[in-house]
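> got a predicted model here, sequence first, then my questions.
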Amino acid sequence: MSILLVRTVACKCGKVKFEAVGDPILTAVCYCDDCQAGGKQLEHEANAAPVLDEDGGSSYLTYRDDRFTCVEGESLLLGYKLKAKAPTKRFVATCCNTGMYLKFAPGHWVSVFRENFTDSDLPAIEMRTQTRYRQAVSPLPDDAPHYKRYPMKLFSRLIGARIAMMLGR
């Protein structure tokens, strides 16, 4: 029996905490127009911590829903949508206006802002997606493959995670 790694995610003041169990489905930086607009919306709150990287991307560790749990401060979370019918909702810890994660409905995963992990041994970024929307003029970092759109590799990981959930693994 293997022991799954548990990572801690916390808001800046520490009143909201999550646990992320096991390896993430994916570690990525997204530059889509939705992530950029959503990041700017979250950063606009009073005393909010940045959620966008210097080049405008949102850096995430993506976990299955069943492996991401709020362990403290759930009542302090507030969800934001860019538009009423948008499938994506971004959650903020209202105690300190820390952007915590985003949830895509009806997906089976959450994408957690990398900055909020308290662990120092986070996995490397595996890909940079939707770079066609990137607005920075600096060269793309060469730390991971980059894609103008969402690559099939991303979808295969999400499908694999869904199957694992259905099988109870």
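Received, thanks.
> grab the nearest non-local neighbour of residue 81.
residue 89 (5.3 Å; C-beta to C-beta, 6 or more residues apart in numbering). (Each C-beta comes from the backbone N, C-alpha and C, glycine too.)
> who does that neighbour form a beta bridge with?
Residue 89 has these beta-bridge partners by DSSP bridges: residue 103.
> so who does it touch?
79, 80, 81, 102, 103, 105 (C-beta atoms under 8 Å, 6 or more residues apart in numbering).
> which two of the residues you listed have the greatest separation?
80 and 105 (13.6 Å; C-beta to C-beta).
> the two: which is more packed in?
Neighbours per residue, other C-beta atoms under 10 Å: of residue 80 and residue 105, the larger number sits with residue 80, 16 against 9.
> shouldn't that one be in contact with residue 90?
Yes: with contact defined as C-beta atoms under 8 Å, residue 80 counts as touching residue 90 (5.0 Å).
> which neighbours do these two share?
38, 41, 42.
> so what's residue 160 closest to, chain neighbours aside?
residue 25 (7.9 Å).
> need the pLDDT of that neighbour.
Note on residue 25: pLDDT of 97.
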